[in-house]
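Trainee: what follows is a predicted protein model with its sequence.
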Amino acid sequence: MPQEEKYSSISPAEFFKRNPELAGFSNPARALYQTVRELIENALDATDVHNLLPSLKISIELVDQQKQIYKVNVEDNGIGIPPHVVPNAFGKVLYSSKYVLRQTRGMYGLGVKAAVLYSQMYQDKPLEIYTSPLNSKRIYFFRLKIDVTKNEPVIMERYSISNDKGWHGTSVSIYLLADWQRSKAKVYEYVKRTYIIAPYSEIVFRDPEGNVLYFQRLTTKLPKPPEEVKPHPYGVDIELIKFMIAKIDKPLDIRDFLVKEFQSVGDVTADKILELSKISKNKKITNLTDEEISRLVEVMKTFDDFRPPSAEALSVIGSDLIELSLQKVFNPEFVSAITRRPKAYQGHPFIVEAGVAYGGGIPAATEPLVLRYANKIPLIYDEKSDVIWKVISEEIDWKRYGVETDQYQLVVMVHLCSTKVPYKSAGKESIADVEEIEKEIKLAIMDVARNLKKYLTEKRKEQEAKKKLITYLKYIPEVSRSLSMFVAGSKEKIPDTDKVLRSRLLDLIIRRLEIEDKNLEEEIKKYKVEEV
Ligand SMILES: Nc1ncnc2c1ncn2[C@@H]1O[C@H](COP(=O)(O)OP(=O)(O)OP(=O)(O)O)[C@@H](O)[C@H]1O
C-alpha cells in the first residue's frame, strides 16, 4: 500500500538551514570564504554607497584548534545600524534595507543570516555585534542567535555604552566550523579583488596564521553613489503591481498611480497606456480586477514609447579608477579601461565596464587572468559558467588583437552594474547569459582590446626599428672610415672627417627610425664620438 503523504511548512530560516549550499555554505572551506564575503559586502555597502571612504578591519582567528572553530570579525566605519533594527537585520532571514531599486552589493536579505545559520549548526557561540549609527551618542552591543523554526532573532545579551570618541560603524563577529587551509587561497583572492574594485578603501587583513596584510588607500575619489529610483514599466509583472498597490493601500486613481510610482510615465503616457489597456483613468487602484492588472502589465511591457530606464540608480567605478588599480596591483606595461553607456534588459538598467592590463609584472599563463565583478562584488567561484568567461574565452579572438595566445600575460577585468544582476544562484558567483548583457560585455572588451592592439602594434614597430638601428650601427665605423678616406683624397681637407661623419650618420639613423627608447642609450653611446 502506498505511504500516506505528510504535509507541513517550514520557515525561510529552516529552509536555508536545510539547504546551506544554495547560499554558498556547502562545506567548512566554502563557508569560511562565504562568511568573510558577506561581512565585507555589508561593510562596503554601509560606506561607499553612503559616500564614506571605507576603512575595513578583517580578521580570522582559530579559537578552538580541536574543533576547528574560527572567529571571523569585520569592522567598518560605515553608517552603523539603528539598534531597534539590529536583531532583525542579523536574525530574520529575508529582512533587508536593500529591497529598493538602487545598486548595492546586497539584494536578497539573506547573506549574513545564512552565515549565522551555518554558524549555529556546528558550534554554540552566538553572533556578536557592536554598532553605532552616524552621530549616535552610544555604542550598542548585541549577542544574537536565530530561532530557526520561527525565523526570529533571539537576543542573548544587549547593552550600550557612551560613544565618547564619536565612532560610527559596525563590527560583526561570527564563530564557525571552518577549514582555513582549503579556503585560504580564495579568501586572499577575494580580499585582493575587492581592493582592485574599490581602490578608495583601506583594508587591514589579519589571517589565522598571524600574517597581516595592509592594503593602502590608493585614492580618495569615491564613485558617485547610486540613487534610489522607481521601477521602469518594462520591468513590471502582475505580482509587482499587486505588491505596489497593497503597499500604498489607498484608493488612488490608476492614472495618478502610474505617474507617481513609475519612472518614464508622464500624464500623456499614462493616458495612452490606460486607453490601450481599456481601463478608465479614474478607476481606483484598490478596485482593479486581476484581469485588468494583467491587461495593464501586457500593455506596459510592450508599449514602445518609454524612455529607457534611468541609470541614476547605478554606480560605476570609472575607467580612471580601474586603470589605477590594475596598474598598482599588477604593475603591467600597458593598461586601458572603459565605462560603456547605460543599456537595459527587461526594464533593468545596466552598465558594463572593462579593463585590460598587459605584460610587465603579470605572470605568463595558459589563459588570460579574468577578473569578474557584479555590483562591485568580486566573483571567484564558478568561473567557467559565467557569461563573462564565455565572452572572453569563446567570443574574443585575442590573436587578432596582437596578444600571444600560447603564453598570456593578460588580465581582463569586467564589471557589470545593474539594479538586477541576473545571478545564477543566491551564492552570487556567476552571471547568467542575458543576450543584451552578453553583447555589451563583448563590445566593452573589444573597446579596450583595440587600445591594446594599437599599443602592441606601436611597440612592435619600435622593436623592428631597434633591430634595424643595431644593424646600422655596426656599419657606421666602416662607412665613415671609407668615406673619410674618400674625402681625404679630395683637394680640400676637412679636419677629423671620420669623427664628423660618424656623428652625423648616427643622428641621421636615430631621426629616420624615430627611436626614443632610453634603454638604447648605452648601445648608441658606444658609437658616439666627441664632436669637433
Ligand atoms: N556592516 C553593516 N552596516 C550597516 N548595515 C548592515 C551591516 N551589515 C548588515 N547590515 C544591514 O543588515 C541587512 C541584512 O544584511 P544581509 O547580509 O542579511 O542581507 P543583504 O546585504 O541585504 O542582502 P544579501 O543577502 O544579498 O547580501 C542589510 O540590508 C543592512 O541593512
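Mentor: Yep, that arrived.
Trainee: helices or strands up against whichever helix or strand residue 509 is part of?
Mentor: Taking DSSP states H and E as the definition, residue 509 sits inside helix 497-513. Secondary-structure packing of helix 497-513 (3 or more CB pairs under 8 Å, 6 or more residues apart in numbering; DSSP states H and E): helix 435-488. Where you see a C-beta, it was placed from the backbone N, CA and C, and this is true even at glycine.
Trainee: so what secondary structure elements neighbour the helix it packs on?
Mentor: So helix 435-488, by 3+ CB pairs under 8 Å, 6+ apart, packs with strand 334-339, strand 343-345, strand 348-358, helix 387-390, strand 410-418, helix 497-513, helix 521-525.
Trainee: which one of those has the lowest average pLDDT?
Mentor: Of all those, helix 521-525 carries the lowest average pLDDT, namely a mean of 66.
Trainee: and of the helices and strands packed on helix 435-488, who's closest to the ligand?
Mentor: strand 410-418 (13.6 Å; CB to the nearest ligand atom).
Trainee: pairing partners for that closest one, with directions?
Mentor: Strand 410-418 has the following strand partners under DSSP bridges: strand 348-358 (antiparallel), strand 369-374 (parallel).
Trainee: from residue 509, how far out is residue 362?
Mentor: If you measure residue 362 against residue 509 using CB to CB, to the nearest Å, the figure is 34 Å.
Trainee: centre of the chain to the helix holding residue 509, how far?
Mentor: Centroid separation for helix 497-513 versus its chain: 54 Å, with CA atoms, centre = their mean, to the nearest Å.
Trainee: same check, this time on stretch 153-166
Mentor: 33 Å.
Trainee: would you mark the buried spots in it?
Mentor: By 16 or more other CB atoms under 10 Å, the buried positions in stretch 153-166 come out as 153, 160, 163.
Trainee: same deal with stretch 461-474?
Mentor: Under the neighbour-count criterion of 16+ other CB under 10 Å, stretch 461-474 has 462, 465-466, 469, 472-473 buried.
Trainee: could you dump those residues to CSV with pLDDT and distance to residue 12?
Mentor: As requested, these are exported to CSV (pLDDT from 0 to 100; distance: CB to CB, whole Å):
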residue, pLDDT, distance to residue 12
462, 82, 62
465, 80, 67
466, 79, 66
469, 78, 71
472, 79, 76
473, 78, 76
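Trainee: what would the helices and strands packed on helix 435-488 look like in CSV with distance to residue 280?
Mentor: Listed next are those as CSV, based on distance: least, CB to CB, whole Å:
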stretch, distance to residue 280
strand 334-339, 45
strand 343-345, 30
strand 348-358, 30
helix 387-390, 44
strand 410-418, 36
helix 497-513, 80
helix 521-525, 84
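Trainee: what's the closest of those to residue 248?
Mentor: Residue 248 sits nearest to strand 348-358 of all the helices and strands packed on helix 435-488, at 22.4 Å, using CB to CB.
Trainee: between that closest one and strand 334-339, how many degrees?
Mentor: 170 degrees (axes from the mean of the first three to the mean of the last three CA atoms, to 10 degrees).
Trainee: how much does strand 348-358 deviate in direction from helix 435-488?
Mentor: Strand 348-358 runs at 30 degrees relative to helix 435-488, counting by the same axes, to 10 degrees.
Trainee: mind listing the helices for the chain?
Mentor: Shown for the chain, the helices assigned by DSSP state H span residues 12-18, 28-45, 86-91, 111-122, 180-197, 238-248, 254-261, 267-277, 290-302, 319-330, 387-390, 435-488, 497-513, 521-525.
Trainee: most tightly packed of the strands paired with strand 410-418?
Mentor: Mean neighbours per residue, mean count of other CB atoms under 10 Å, is largest over those for strand 348-358, with a mean of 26.
Trainee: let me know the angle separating that strand from helix 319-330.
Mentor: Counting by the same axes, to 10 degrees, strand 348-358 lies at 40 degrees to helix 319-330.
Trainee: from the chain's centre, how far out is strand 348-358? Work that out for me.
Mentor: 9 Å.
Trainee: before we move on, the earlier item: now render the strands paired with strand 410-418 as JSON lines, adding distance to the ligand.
Mentor: Formatted as JSON lines, these follow (distance: least, CB to the nearest ligand atom, whole Å):
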{"stretch": "strand 348-358", "distance to the ligand": "16"}
{"stretch": "strand 369-374", "distance to the ligand": "11"}
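Trainee: columns distance to residue 457 on top of those strands, output as JSON lines?
Mentor: Below are the strands paired with strand 410-418 laid out as JSON lines (distance: least, CB to CB, whole Å):
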{"stretch": "strand 348-358", "distance to residue 457": "13"}
{"stretch": "strand 369-374", "distance to residue 457": "23"}
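Trainee: for residue 236, which of the ones you listed is the nearest?
Mentor: strand 348-358 (11.4 Å).
Trainee: which positions in the chain make contact with the ligand?
Mentor: 38, 41-43, 46, 76, 78-79, 81, 89, 96-98, 106-113, 170 (CB under 6 Å from any ligand atom).
Trainee: list the contacts of residue 474.
Mentor: Residues near residue 474 by CB atoms under 8 Å, 6 or more residues apart in numbering: none.
Trainee: pLDDT below threshold where in the stretch 351-500 of the chain?
Mentor: Across the stretch 351-500 of the chain, residues meeting the criterion (pLDDT under 70) sit at 490-495.
Trainee: closest residue of this structure to the ligand?
Mentor: Nearest residue of the chain to the ligand: residue 106, at 2.2 Å (CB to the nearest ligand atom).
Trainee: okay, now that residue: neighbour count?
Mentor: 22 (other CB atoms under 10 Å).
Trainee: tell me how far it lies from residue 49.
Mentor: 10 Å.
Trainee: cool, residue 182 as well?
Mentor: 32 Å.
Trainee: more crowded one of the two?
Mentor: residue 49 (22 against 14).
Trainee: so what's the more buried one scoring on pLDDT?
Mentor: For residue 49, pLDDT reads 94.
Trainee: could you list the buried residues of stretch 1-19?
Mentor: Those would be 11-17, for stretch 1-19 by 16+ other CB under 10 Å.
Trainee: for stretch 229-243, same thing?
Mentor: Within stretch 229-243, the residues that qualify as buried by neighbour count (16+ other CB under 10 Å) are 229-236, 241.
Trainee: and if you look at stretch 201-217?
Mentor: Result for stretch 201-217 [16+ other CB under 10 Å]: buried residues 201-203, 205-208, 215.
Trainee: kindly reformat the residues you listed as TSV containing pLDDT.
Mentor: Shown next, in TSV, are the buried residues of stretch 201-217 (pLDDT from 0 to 100):
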residue	pLDDT
201	98
202	98
203	98
205	98
206	98
207	98
208	98
215	97
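Trainee: now the helix holding residue 509 - C-alpha only, CSV.
Mentor: Extracted as CSV, the C-alpha positions of helix 497-513 are listed here (Å, rounded to 0.1, in the frame of the first residue of the first chain):
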residue,chain,number,x,y,z
THR,A,497,86.4,63.9,-41.2
ASP,A,498,85.9,60.4,-39.7
LYS,A,499,84.5,61.7,-36.4
VAL,A,500,82.2,64.2,-38.1
LEU,A,501,80.8,61.6,-40.4
ARG,A,502,80.3,59.1,-37.6
SER,A,503,78.3,61.6,-35.6
ARG,A,504,76.2,62.8,-38.5
LEU,A,505,75.4,59.2,-39.6
LEU,A,506,74.3,58.3,-36.1
ASP,A,507,72.0,61.4,-35.9
LEU,A,508,70.5,60.6,-39.2
ILE,A,509,69.7,56.9,-38.3
ILE,A,510,68.1,57.8,-35.0
ARG,A,511,66.0,60.5,-36.7
ARG,A,512,64.9,58.3,-39.5
LEU,A,513,63.9,55.4,-37.3
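Trainee: for the residue nearest in space to the middle of the chain, what are its contacts?
Mentor: By CA atoms, centre = their mean, the chain has its centre lying nearest to residue 376, at 2.7 Å. By CB under 8 Å, 6+ apart, the contact set of residue 376 is 44, 48, 105, 197-198, 315, 317, 415, 417.
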